[in-house]
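Trainee: 3D, please:
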Amino acid sequence: MKKQPTSSNHAFLWLLLGALIWIGLILCEPWLSEGTPTMKIWGMGITLFFSPTCHQHAGRCYTLASNALPVCARCFGLYAGFLLGTIVSGFMGTRAASPPSRRWLLALALPMIFEFAMEKTGLMDGTRHMRAITGGLAGFIVPFYVLPALNELFKRYKTRR
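Mentor: Numbers count the residues shown, from 1 in each chain. You can find the predicted model right below:
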């Protein structure tokens, strides 16, 4: 007898798929911007897609194929951390669990907030790696809050059908 996927499996798979597509878009943009005119248009579309949430200053972006990614190092860290957190939450079996204490969210976001504040006040000049690491910490914890909410949405949708 075939095992039916649970709503927590659905939520996890959708979140994982979304995170993989998100990172995939970021990583394929530099390659597209080197291609044919049609590929360049797709690359510009990806850059425009990310522009409302990221300043995209080339000096603060990682490069791939000698081209800047369409997001800065901090945003890339956030997104990569989110993907890693999604994968880890899946392996930990926490897909159906309730979210952790908000203290975890604050604890893992504080390094990014501190680093950002130090940069803005001129007390420290952050590096791309520092921005990516602190962003990655903040992004890592987010799926542990998003998955329980998605699980609840999938359960409610399933009961209404």
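
Trainee: quick check: buried residues in stretch 81-89?
Mentor: Residues of stretch 81-89 classed as buried by neighbour count (16 or more other C-beta atoms under 10 Å): 81-83, 85-86, 89. (Glycine included, C-beta is placed from N, CA and C.)

Trainee: what is the nearest of those residues to residue 72?
Mentor: Nearest to residue 72 among these: residue 81, at 14.0 Å, using C-beta to C-beta.

Trainee: hang on, residue 56 in a helix?
Mentor: No: counting by DSSP: H, G, I helix; E, B strand; the rest coil, one finds residue 56 to be coil, located in no helix.

Trainee: next up, phi/psi of it, please.
Mentor: Main-chain torsions, residue 56, degrees, to the nearest 10: phi 60, psi 30.

Trainee: for the strand or helix carrying residue 157, which positions count as buried?
Mentor: Counting by DSSP states H and E, the element that carries residue 157 is helix 143-160. Of the residues in helix 143-160, those buried under the neighbour-count criterion (16+ other C-beta under 10 Å) are 143-148, 150-151, 154-155.

Trainee: out of the buried residues of stretch 81-89, which two sit at the greatest distance?
Mentor: Checking the buried residues of stretch 81-89 with C-beta to C-beta, the most distant pair is 81 and 89, at 12.1 Å.

Trainee: all strands of the protein, in order?
Mentor: Remark: strands assigned in the chain by DSSP state E are 63-64, 67-68.

Trainee: closest to residue 104 out of those?
Mentor: Across the strands of the chain, residue 104 has its closest neighbour in strand 63-64 (31.5 Å, C-beta to C-beta).

Trainee: most centrally placed residue in the chain?
Mentor: residue 79 (2.0 Å; C-alpha atoms, centre = their mean).

Trainee: tell me the pLDDT of it.
Mentor: With respect to pLDDT, residue 79 scores 98.

Trainee: my guess is it contacts residue 26. True?
Mentor: Yes: with contact defined as C-beta atoms under 8 Å, residue 79 counts as touching residue 26 (6.7 Å).

Trainee: shared neighbours of those two, anything?
Mentor: Here residue 79 and residue 26 have residue 71 as joint contacts, going by C-beta atoms under 8 Å, 6 or more residues apart in numbering.

Trainee: give the contact list for the closest residue to residue 150 other than its chain neighbours.
Mentor: Once flanking residues are discounted, residue 150 sits nearest to residue 11: 3.7 Å by C-beta to C-beta, 6 or more residues apart in numbering. By C-beta under 8 Å, 6+ apart, the contact list for residue 11 reads 95, 147, 150-151, 153-154.
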